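Q: predicted model and sequence follow; I will ask about them next.
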Amino acid sequence: MHTPARRWACMEVEVASTVEVFSVVLSSVLWLGLTALLVVAQWRIFAKAGVPGWACLIPVYNVVKLLHISGRSGWWLLGLGVPFLNLFIVIRLVFDLASAFGRGVAFGFGLLLLAPIFVPVLGFGSARYVGRGLAA
């Protein structure tokens, strides 16, 4: 036999599980949307630089191509496996990437600190690839 207090407890559990399911579904949809936006933006960055867009989908190869777009050797990839050196390489990479698209130091800081905002700006915006040699 169910008492009113027991029925109330069961309803609270149902409401709590519904809210949990809704929050999991909502966060999953938002995460998937942001991931799709960043993949498409990365594809556009590669295409602007004259590299096939599909190259952004291949792990490790995409980093090598991004290093080439930034004017760096693919050998820099090995430095990403070295603690503390990898921090220098990533910081240098984002500033070189900004420079390769004719953007300044402030945009490089944006890429470094707010990548989910600045990568789509670089991919979908009016930035043109000028290359590493011409950007300095």
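A: Yes, it's here.
Q: what mean pLDDT does the longest helix belonging to the chain have?
A: Assignment by DSSP state H gives helix 4-48 as the longest helix of the chain. Mean per-residue pLDDT for helix 4-48: 84.
Q: now the element after that helix, going C-ward?
A: Next in sequence after helix 4-48, counting helices and strands by DSSP states H and E, comes helix 61-69.
Q: so that following helix versus helix 4-48, what angle?
A: 40 degrees (axes from the mean of the first three to the mean of the last three C-alpha atoms, to 10 degrees).
Q: tell me what helix 61-69 is packed against?
A: In terms of contacts (3 or more C-beta pairs under 8 Å, 6 or more residues apart in numbering; DSSP states H and E), helix 61-69 is packed against helix 4-48, helix 76-79, helix 85-100. From N, CA and C alone the C-beta is placed, and that goes for glycine too.
Q: tell me the angle of the longest one relative to helix 85-100?
A: Regarding helix 4-48 and helix 85-100, their directions subtend 60 degrees when assessed with the same axes, to 10 degrees.
Q: show me what helix 4-48 is packed against.
A: Counting contacts by 3+ C-beta pairs under 8 Å, 6+ apart, helix 4-48 packs against helix 61-69, helix 115-124.
Q: gap between the longest helix of the chain and the chain center?
A: 19 Å (C-alpha atoms, centre = their mean, to the nearest Å).
Q: and the helices and strands packed on helix 61-69, which is most packed in?
A: helix 85-100 (a mean of 18; mean count of other C-beta atoms under 10 Å).
Q: neighbouring contacts of it?
A: With contact meaning C-beta atoms under 8 Å, 6 or more residues apart in numbering, helix 85-100 is reached by 49, 66-67, 69-72, 76, 79-80, 104-105, 107-108, 110-112, 115, 122, 129-132, 135-136.
Q: perfect, I'm done here.
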